[in-house]
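Novice: heads up, no residue letters with this:
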């Protein structure tokens, strides 16, 4: 069981982990041993709360397929056990980020002082640019 938060736990049967060969340089060990972990987690059929599922599926994340399956390949370490733990940790972080709803933006207005500063900067910049013109040139 993967514990994501206090009340959110994912049963082991919902997470599918398979061993695959790692990519990249590494010599004989990489060519012979399947030490990378390939994790698949179906978001739509999981036991996650509905709002969390919706936020996960709405993410523009390349790890989530169009079918709603989160695919994580972990090949950072030399052993399958470490890569399995790494893949589970990365899934945990992904889900934990979608558990909390994003806070609503509160519309604010700039203060009078900020407006005056901005207009002052604009007029100074305008004065600098006007000094770059040729003498006698007008708009």
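Specialist: Structure's in. What do you need? The model shown is predicted, which means the values in this text are computed figures rather than measured ones. Residues are numbered from 1 along each chain as shown.
Novice: and whichever strand or helix holds residue 129, how far from the chain's centre?
Specialist: Using DSSP states H and E, residue 129 sits within helix 112-131. Distance, stretch centre to chain centre, for helix 112-131: 39 Å (CA atoms, centre = their mean, to the nearest Å).
Novice: From residue 1, how far out is residue 10?
Specialist: Going from residue 10 to residue 1 by CB to CB, to the nearest Å gives 7 Å. C-beta coordinates here come from the backbone N, C-alpha and C atoms, glycine included.
Novice: higher neighbour count, those two?
Specialist: Neighbours were counted for residue 10 and for residue 1 using other CB atoms under 10 Å; residue 10 has more, 19 against 9.
Novice: surely that one meets residue 46?
Specialist: Yes: look at residue 10 against residue 46 with CB atoms under 8 Å: they come within range, at 6.7 Å.
Novice: in this protein, which helix or strand is least confident?
Specialist: helix 28-32 (a mean of 72; mean pLDDT, DSSP states H and E).
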